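S.K.: sequence and predicted structure are below.
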Amino acid sequence: MKYFPLKTVIFCLLFTPILYVVTLNVYQKYFNRHYLQKIENIFIGDTSNLLDGRVSIEEQIAENIYTFLETDWMVQYIGLDLKALVTTKKGKLIYPTFINADAFINSLNENNNFEIIAKQNFKILNDGLTVSAEINLNHGSRLANFILLIYFSAGLLIVLILYKVGSLKAAHDTKVKKALIDDLQKEEQVHKQILENLKKERQGLFENIKSLNAKYQKDKKKLKINEDEMFDEILSLEKQLNAFIELKQEKEEEINELKSTISKYERRKSSKSKRNEFDFTFKRFSVLYKNIVMNRKAISGLLSLNEDQQIKAEECILLLNQKPEKITIKRKVFSGKKHKTTCLEVLFAYNGRLYFKQNEKSKIEVLVVGTKNTQAKDMGFLHNS
């Protein structure tokens, strides 16, 4: 069958046992962890009886595990093969226990000695217990057969669904092909009629072509005359365009020259303004602060700061001029090419840095004013000065 998915059927047949084996392994690991946790939660139970010596730890663990197995619905109804093992840390077997008649009689004689039993129970609990749980999900068990039945049923159901879908598609295709053949036959009759009509129209078109050709030759002569006139007009417009382009280039050159002249004038004006500002600042500090000598590098750094930082920097300079002992020194910096001179660093406006030293005339010389961003360049200047 065209629409029967043979590859899908083969895939289902091969994938079902693989999925079955993988599922058994996954379920076995899951159940091992699940039942191990459950048994660890219930296997000891109430420790008061154990510590009082009313029951031995082997009997209580066996009773708790038996009760758990009898109440667990998966063990009772699904038939899970659960094997539990409880041992001490030293390897002594606690569960499962196998009690013979002599051991049972001895245990009856020792029932009244609760102190000995309590000590044994406490010793075992103090040493620690190891619990292991294993679920047997081998092929042939009730749960394994149930899983296999589900997977094969699902695979068979998929094959049946695909077969049904393929049958419906095949029936639909047959119906569509039949309808298509009927439509093609009807269209064939229509096309024959159209062909007859086209033959009649063709004859009429030939007559129209003859009359249009005569009219075309007549219009062609008129267009020839108009074409010559248009060509002359195009030549005239091209001359005007070339003249306009030359004029535009001349104007652009004049504009560029003017821009160059203006930029030179602005640079000169800006340079002169900065120089005047530098000279004014140098003179102002010389007049206002008699005990301070401002280095040219310090004045340049001060002018590069914003207004708030300049105010804070000048506040530090004022304090150095009047009360230098109240200034807060952050650290000492060694300057000079051989680091023979000691400079002091002062912070201002959080980010500002001011470096000064005392010169030979016992005046305070401000060497550099800058910020944290210019600190590397400022330190280079101090070391090389």
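M.R.: Ah, there it is.
S.K.: need the next SSE after the helix or strand bottoming out on mean pLDDT in the chain, C-terminal direction.
M.R.: Between all helices and strands in the chain, the lowest mean by mean pLDDT, DSSP states H and E belongs to helix 101-109, at a mean of 44. On the C-terminal side of helix 101-109, the nearest following helix or strand under DSSP states H and E is helix 114-127.
S.K.: show me what counts as buried in the helix or strand just after that next one.
M.R.: Stepping forward along the backbone from helix 114-127, the first helix or strand reached (DSSP H and E) is strand 129-136. Along strand 129-136, these residues count as buried under the neighbour rule (16 or more other CB atoms under 10 Å): Leu129, Val131, Ala133, Ile135. Just so you know, the C-beta spots here come from the backbone N, C-alpha and C atoms, and that holds for glycine as well.
S.K.: each with direction, which strands does strand 129-136 pair with?
M.R.: Strand pairing for strand 129-136, using DSSP bridges, gives strand 81-88 (antiparallel).
S.K.: list the buried ones in the partner strand?
M.R.: Judged by neighbour count using 16+ other CB under 10 Å, the buried positions of strand 81-88 are Leu82, Ala84, Val86, Thr88.
S.K.: which one of those is nearest Ala214?
M.R.: Proximity of the buried residues of strand 81-88 to Ala214 was ranked by CB to CB; the top entry is Leu82 with 108.5 Å.
S.K.: what ranges does the stretch 201-350 of the chain have for its helices?
M.R.: Assignment of helices within the stretch 201-350 of the chain using DSSP state H, counting those that start in this stretch yields the ranges 296-303, 307-322.
S.K.: do you know which of those helices lies nearest Gln358?
M.R.: Closest to Gln358 of the helices of the stretch 201-350 of the chain, according to CB to CB: helix 307-322, at 10.4 Å.
S.K.: what angle sits between the closest one and helix 296-303?
M.R.: 140 degrees (axes from the mean of the first three to the mean of the last three CA atoms, to 10 degrees).
S.K.: may I have helix 307-322 as CSV, with CA atoms only?
M.R.: Extracted as CSV, the C-alpha positions of helix 307-322 are listed here (Å, rounded to 0.1, in the frame of the first residue of the first chain):
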residue,chain,number,x,y,z
GLU,A,307,33.8,75.4,38.5
ASP,A,308,33.0,73.4,41.6
GLN,A,309,36.4,71.7,41.6
GLN,A,310,38.2,75.0,41.0
ILE,A,311,36.5,76.5,44.0
LYS,A,312,37.5,73.5,46.2
ALA,A,313,41.1,73.6,44.9
GLU,A,314,41.4,77.3,45.6
GLU,A,315,40.0,76.7,49.1
CYS,A,316,42.9,74.3,49.7
ILE,A,317,45.3,76.9,48.4
LEU,A,318,43.9,79.6,50.7
LEU,A,319,44.3,77.2,53.7
LEU,A,320,47.9,76.5,52.7
ASN,A,321,48.5,80.2,52.4
GLN,A,322,47.0,81.2,55.8
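S.K.: how near is Leu258 to Glu250?
M.R.: Computed with CB to CB, to the nearest Å, the distance linking Leu258 and Glu250 is 13 Å.
S.K.: can you give me the pLDDT of the nearest residue to Thr130 once chain neighbours are set aside?
M.R.: Nearest residue to Thr130, sequence neighbours excluded (CB to CB, 6 or more residues apart in numbering): Thr87, at 5.2 Å. You'll see Thr87 listed with a pLDDT of 84.
S.K.: before we move on, what about the one 5 residues further on?
M.R.: On the pLDDT scale, Lys92 is placed at 81.
S.K.: give me phi/psi at it?
M.R.: Summarising the backbone geometry of Lys92 under the convention degrees, to the nearest 10, its torsions are phi -70, psi 130.
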